[in-house]
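Asker: have a look at this prediction, sequence included:
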Amino acid sequence: MIDRIVLLSIPIEELKEIIGQVVDEKLKEFGSSLTNKTPPQKEFLSRKDVCQMLQINSITLWRYVRDGRLKQHRVGRRVFFLAEEVRNTLINN
C-alpha cells in the first residue's frame, strides 16, 4: 500500500524511460516463469534405435510388441517407441 502520494514534474522522455524499464523487468520475470513450467519433451526412438539399445534383432522386437512387453506408437505409417518405456522394459526384464 502507498502511504502517501507524491506528485512530481517529470519530463515525458524520462517518464517513458522509467515505464520502459519497469515493463522490461516484468516481461523478463514473466518469460522466466514460462520457461520453468514447460513440460519435459518425450523422446521417441525408431525401431533401429530400440534394437541397438536392447541388443536384439527386428524379429525379437516384433515379438516384444506382439507379447505386450513394449508398446509401439504410430505417427502416420511410421512406428516409434517411447524411450522411457524402453528403459522400463530393460529394468523389468
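Answerer: Arrived safely.
Asker: and the longest strand belonging to the chain, what's buried?
Answerer: The longest strand of the chain (DSSP state E) is strand 78-82. By 16 or more other Cβ atoms under 10 Å, the buried positions in strand 78-82 come out as 80-82. C-beta coordinates here come from the backbone N, C-alpha and C atoms, glycine included.
Asker: and stretch 82-93, by the same measure?
Answerer: Neighbour-count burial for stretch 82-93, counted by 16+ other Cβ under 10 Å, picks out 82, 85-86, 89.
Asker: how about those residues in JSON lines, adding secondary structure, distance to I5 and pLDDT?
Answerer: Compiled in JSON lines, the buried residues of stretch 82-93 are given as follows (DSSP: H, G, I helix; E, B strand; the rest coil; distance: Cβ to Cβ, whole Å; pLDDT from 0 to 100):
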{"residue": "L82", "secondary structure": "strand", "distance to I5": "59", "pLDDT": "94"}
{"residue": "E85", "secondary structure": "helix", "distance to I5": "62", "pLDDT": "90"}
{"residue": "V86", "secondary structure": "helix", "distance to I5": "64", "pLDDT": "90"}
{"residue": "T89", "secondary structure": "helix", "distance to I5": "67", "pLDDT": "81"}
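Asker: which one of the residues you listed is nearest to G68?
Answerer: Set against G68, the nearest of the buried residues of stretch 82-93 by Cβ to Cβ is T89 (10.6 Å).
Asker: L8 sits in which helix or strand?
Answerer: L8 is part of no helix or strand, with elements assigned from DSSP states H and E.
Asker: now do it against E25, distance only.
Answerer: 21 Å (Cβ to Cβ, to the nearest Å).
Asker: and A83, by the same measure?
Answerer: Here A83 is placed at a distance of 39 Å from E25 (Cβ to Cβ).
Asker: ok, G76 next?
Answerer: Going from G76 to E25 by Cβ to Cβ gives 45 Å.
Asker: of those two, give the one with the bigger neighbour count.
Answerer: Set G76 next to E25 and count neighbours by other Cβ atoms under 10 Å: E25 wins out with 10 against 5.
Asker: where does the chain dip in pLDDT?
Answerer: 1-2, 33-40, 93 (pLDDT under 70).
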